[in-house]
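Student: next input, structure requested:
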Amino acid sequence: MIGMNLRQIHRWTSMVFTATVVVTFVALAQEDPIVWVSYVPLFPLAVLFFTGLYLFTRPYLVRRRERRAA
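Tutor: Sure thing, here's the model as predicted:
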């Protein structure tokens, strides 16, 4: 089941994304901030976007496939 594994990946990635956002806020709040740290959350955000997009459209794709089979 790709849907179940992808759902788990999506959940774990959301936790990673949250942690990277917190780390980014802490790093940018320093007296001499490291600016490149602000790009760290973008990779988990991209993974969340594509997995979420798939999980959102999956019920519609399954419904369409069932209609064609009938």
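Student: and residue 29, how many residues sit next to it?
Tutor: Neighbour count of residue 29, defined by other CB atoms under 10 Å: 8. C-beta here means a position set from N, CA and C on the backbone, and glycine is covered the same way.
Student: for the residue minimising distance to the centre of the chain, give me its contacts.
Tutor: Residue closest to the average C-alpha location in the chain (CA atoms, centre = their mean): residue 48, at 1.4 Å. Residue 48 is in contact with 10, 13, 14, 17, counting by CB atoms under 8 Å, 6 or more residues apart in numbering.
Student: can you classify the third one as helix, strand or coil?
Tutor: Here residue 14 is recorded as helix under DSSP: H, G, I helix; E, B strand; the rest coil.
Student: what's the end-to-end length of stretch 21-35?
Tutor: 13 Å (CA to CA, to the nearest Å).
Student: what separation do you get for the residue lying closest to residue 47 once chain neighbours are set aside and residue 67?
Tutor: In space, residue 47 comes closest to residue 13 once its chain neighbours are excluded; the distance is 4.9 Å by CB to CB, 6 or more residues apart in numbering. To residue 67, residue 13 is 32 Å away according to CB to CB, to the nearest Å.
Student: which one's more surrounded, those two?
Tutor: Each of residue 13 and residue 67 has its neighbours counted (other CB under 10 Å); residue 13 has more, 18 against 8.
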